[in-house]
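In: Okay, here's the prediction I keep looking at, along with the sequence it came from:
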Amino acid sequence: MDVDFDNTFIRVNARTLGKFHGRNVSLLGEIKNITASYIEIRSTDGMILKVGIPSGSPVSLTTGEFAEIDGVSQGNTIDMSSISLMPSDMMRDFNAENYSKACDLIYNIRYNPFVM
């Protein structure tokens, strides 16, 4: 089975984001603050990231919502290409700590094809 790594979004938390500079990533977190130019999101590992909002993008968000941000890793931030809100009933029993541990574990496995 061939995997198209160029069009694959790699699940990350804030701790693992820097390992994938220049690559497509997907980060899940809670929206903490919203301005005209960026969103502050608390990643599942508890770290706060500022994610730029592309100019001209209509954004209708509320603090406290969970969102998945897709884009290109720029080390300690993401150039966002899309954002998906997670339904609150789906997130009610979500365990952010376990999700974050899974992100850490996946990228420490030897021979993982996503890690360069």
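Out: It's in. Residues are numbered from 1 along each chain as shown.

In: The protein: helices as residue ranges?
Out: 14-17, 88-91, 96-106 (DSSP state H).

In: winner for burial among those helices?
Out: helix 14-17 (a mean of 21; mean count of other C-beta atoms under 10 Å). In this view, the C-beta of every residue, glycine as well, is placed from N, C-alpha and C.

In: all strands of the chain, in order?
Out: Ranges of strands in the chain, per DSSP state E, are 10-12, 24-34, 38-43, 48-52, 66-73, 78-85.

In: Relative to the whole chain's centre, how far out is the fifth one?
Out: Computed by C-alpha atoms, centre = their mean, to the nearest Å, the chain-centroid distance of strand 66-73 equals 4 Å.

In: contacting residues around it?
Out: 9, 12, 17-18, 20-31, 39, 41, 51, 61, 78-86, 88, 91, 94 (C-beta atoms under 8 Å, 6 or more residues apart in numbering).

In: lowest-pLDDT helix or strand in this protein?
Out: helix 88-91 (a mean of 79; mean pLDDT, DSSP states H and E).
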